[in-house]
Every structure is written in structure tokens, then in C-alpha cells.
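Enquirer: coordinates only, sequence not included:
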């Protein structure tokens with residue numbers, strides 16, 4: 001009988017210990033959830049930096065890696081010459097013009113204004129990547145080109161000049177310092193510290209200051225969707 005009584009007492013103590021620990025574990029799980037509830041999210045940081053929010057003390061672009069001679073998207077930079085229905089090539093003059101500027105791109109994509117804290121930061125970063133070999137456009141003021149070129153459009157083709165700018169692609173992340181603490185901290189990152197999701201494209205310039213890039217005449221067969229699209233925009 002005595003043994004039975006001791007075993008029962010021992011089981012009772014185990015139960016009491018288990019019940020005492022349960023609330024502590026629950027509190028431990030709840031603390032980080034409460035602390036992160038009011039903190040700035042990566043999307044908040046990107047939006048505040050874009051808008052140059054009054055809540056910010058500063059916003060910086062922190063570079064992590066870079067790639068030179070990155071080509072931009074292909075753009076139409078001349079009028080369209082229609083040589084459809086003809087069996088002879090057409091020699092004609094093209095007026096070619098275009099422009100480039102520095103671009104800040106997040107996941108949603110945006111260009112920072114020249115008077116924002118972020119724009120000042122990417123300008124400073126740009127200084128580090130401008131060398132005697134690679135002259136880059138550091139600010140957000142446009143630099144362009146315009147001249148005439150003589151070329152030949154194929155028979156039964158549409159002719160147009162295309163352009164793709166050369167850029168230095170610097171990737172990194174945003175570091176935002178807020179004026180007031182949010183849950184005990186003032187510094188937040190977007191999308192995260194050490195990430196390479198934010199891109200700043202610095203156009204590369206020739207020695208005379210005009211944009212560097214790839215320029216070519218595109219001949220498109222008449223009657224194709226691509227030719228129809230060009231003629232519709234002409």
C-alpha cells in the first residue's frame with residue numbers, strides 16, 4: 001500500500017511540473033510575433049524610400065555586386081520605312097534619336113527622383129563605378145543622341161532602327177533609417193540585408209558624352225504580326 005501511495009504522489013508531481021511549463025512556452029512563442037507586428041516590412045521600406053517619406057532619417061542603396069556592359073531592352077529609335085509590295089530594295093535616310101538615364105528598379109519597378117535621399121545615395125554609389133574605362137551616367141538627367149543614317153530596306157520589308165543601351169548593372173539592397181524607433185529599432189532593409197534584388201542601371205557613355213550601345217537596322221517581313229505592329233505605330 002505504501003508503494004502504491006508513493007507512485008501516485010510521484011505522478012502528481014510530474015503533472016504539476018508539466019502544467020507549470022506550458023504557459024512559459026506559450027509566452028516564448030508569442031513574444032516575437034508581438035515584436036514584429038509594428039516593424040517596417042520590406043515593402044514599407046521600398047515605398048518610403050521611393051516617396052522620400054518624412055518618416056525617414058535617411059535611405060541608402062547598398063551595392064553588393066555589379067556587371068558591366070549589360071544591355072538594356074530593345075527600343076525603336078527611328079521612323080518606320082514601308083517597302084511592302086515592292087520587289088526592289090529601298091535606300092532611304094533615317095533620323096535616329098534616343099535618350100538614356102539612370103534607373104533605380106525594385107521588384108515593382110521605379111525611378112527615384114533627383115531630389116530624394118535614395119537618389120543622392122545612388123549618385124554617390126555611381127561615383128565608385130565610374131572609371132576612365134567606363135564613363136557612366138550617375139544622375140537622373142537624360143542624355144541623348146540624334147543624327148541621320150542612310151541605309152537600305154529589303155524588298156517587301158518594313159525597316160526601322162533599333163537601339164539597346166550599354167549599362168553598368170549594380171545590384172544590392174535598401175537600408176532605411178527611420179526617425180522614430182519601431183519596436184526598438186530604427187534601421188530596416190529591403191528586401192533583406194545582403195540581397196541583390198534592387199538594381200541601379202547606370203548608362204555607359206562614350207568619351208564625347210553620348211550614350212554607348214548597340215544600334216542596328218531591323219528588316220521585318222511585310223504581312224507578319226511584327227510588321228503590322230510597327231506600321232500601326234508609325
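Expert: Yep, that arrived. A quick note: this is a predicted structure, and the numbers were derived from the prediction, not measured.

Enquirer: Could you use CA atoms for every contact and neighbour count after this?
Expert: Noted.

Enquirer: hang on, residue 87 is in a strand, isn't it?
Expert: No. Per DSSP: H, G, I helix; E, B strand; the rest coil, residue 87 lies outside any strand segment and is coil.

Enquirer: Need the three-state assignment for the closest residue to it other than its chain neighbours.
Expert: Using C-alpha to C-alpha, 6 or more residues apart in numbering and skipping the chain neighbours, the partner closest in space to residue 87 is residue 155 (4.9 Å). Three-state assignment for residue 155 (three-state DSSP): coil.

Enquirer: What is the neighbour count of residue 155?
Expert: The burial count assigned to residue 155 is 19, neighbours taken as other C-alpha atoms under 10 Å.

Enquirer: One more: residue 147?
Expert: Burial of residue 147 is recorded as 9 neighbouring residues (other C-alpha under 10 Å).

Enquirer: quick revisit: looking at it, the residue nearest to residue 87 is touching residue 84, isn't it?
Expert: Yes. Contact criterion C-alpha atoms under 8 Å: residue 155 and residue 84 qualify, at 7.0 Å.

Enquirer: what's in contact with stretch 46-57?
Expert: 59, 106, 110, 112, 116-118, 174, 176-180, 190 (C-alpha atoms under 8 Å, 6 or more residues apart in numbering).

Enquirer: Quick check: end-to-end length of it?
Expert: End-to-end distance for stretch 46-57, by C-alpha to C-alpha, to the nearest Å: 14 Å.

Enquirer: Tell me the buried residues in it?
Expert: Residues of stretch 46-57 classed as buried by neighbour count (16 or more other C-alpha atoms under 10 Å): 46-50, 52-53, 56.

Enquirer: swap in stretch 83-92?
Expert: Buried positions in stretch 83-92, judged by neighbour count with 16+ other C-alpha under 10 Å: 83-84, 90.

Enquirer: Now render those residues as JSON lines, adding pLDDT and distance to residue 227.
Expert: Below are the buried residues of stretch 83-92 laid out as JSON lines (pLDDT from 0 to 100; distance: C-alpha to C-alpha, whole Å):
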{"residue": "83", "pLDDT": "97", "distance to residue 227": "11"}
{"residue": "84", "pLDDT": "97", "distance to residue 227": "10"}
{"residue": "90", "pLDDT": "97", "distance to residue 227": "16"}
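
Enquirer: Out of those residues, which sit inside strands?
Expert: The members of these that map onto strands under DSSP state E are residue 90.

Enquirer: Distance to residue 99 added to the buried residues of stretch 83-92, as a markdown table?
Expert: Formatted as a markdown table, these follow (distance: C-alpha to C-alpha, whole Å):
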| residue | distance to residue 99 |
| --- | --- |
| 83 | 27 |
| 84 | 30 |
| 90 | 28 |
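
Enquirer: Any stretches of the chain with poor pLDDT?
Expert: For the chain, the stretches with pLDDT under 70 are 1-38, 107-115, 234.
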